[in-house]
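Colleague: output the structure for:
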Amino acid sequence: MVVVVITWELSIPGSASLKDKRTVVRSLKDRIRHKFNVSVAETRFQDVWSRAEITVALVATDRRFADSVADSVDRLVAENGRSVVTSTHRDIY
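Modeller: Numbering: from 1, shown residues only. This is a model prediction of the structure:
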């Protein structure tokens, strides 16, 4: 069994309120959850307008499959046009 945890710190340019930020974060979380069937949560900076931290966890029986899904999720987050990735951290257990 393989467990992968990926955390992205995001900058959300143009966000003028928590409502603006939450719209961006909720949309991104929903897209990740529905497309990849992984657990996803906003894990830090909940009260900061222009920053967010998103964490994804996935469990798989095959290391190659886990890496493939993790890479795909990473691409989706990086290509999201409404936020900018400022840092990424990946742990594999």
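Colleague: tell me the SS of Val24?
Modeller: helix (DSSP: H, G, I helix; E, B strand; the rest coil).
Colleague: isn't it right up against Gly14?
Modeller: No: here Val24 does not reach Gly14: they are 9.2 Å apart, not a contact under C-beta atoms under 8 Å. (C-beta placed from N, C-alpha, C; glycine too.)
Colleague: more crowded one of those two?
Modeller: Val24 (19 against 10; other C-beta atoms under 10 Å).
Colleague: need the contact list for the most centrally placed residue in the chain.
Modeller: Per C-alpha atoms, centre = their mean, the C-alpha nearest to the average position across the chain is that of Ile54, at 4.2 Å. When contacts are counted by C-beta atoms under 8 Å, 6 or more residues apart in numbering, Ile54 touches Thr7, Trp8, Leu10, Val25, Leu28, Lys29, Ile32, Val40, Ala41, Glu42, Thr43, Val77.
Colleague: buried ones only from those, please, as a PyMOL command.
Modeller: Here is the PyMOL command that picks out the buried ones among the contacts of Ile54, judged by 16 or more other C-beta atoms under 10 Å:
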select buried, resi 7+8+10+25+28+29+32+40+42+77
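Colleague: redo the contacts of Ile54 as JSON lines? Include secondary structure.
Modeller: Below are the contacts of Ile54 laid out as JSON lines (three-state DSSP):
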{"residue": "Thr7", "secondary structure": "strand"}
{"residue": "Trp8", "secondary structure": "strand"}
{"residue": "Leu10", "secondary structure": "strand"}
{"residue": "Val25", "secondary structure": "helix"}
{"residue": "Leu28", "secondary structure": "helix"}
{"residue": "Lys29", "secondary structure": "helix"}
{"residue": "Ile32", "secondary structure": "helix"}
{"residue": "Val40", "secondary structure": "strand"}
{"residue": "Ala41", "secondary structure": "strand"}
{"residue": "Glu42", "secondary structure": "strand"}
{"residue": "Thr43", "secondary structure": "strand"}
{"residue": "Val77", "secondary structure": "helix"}
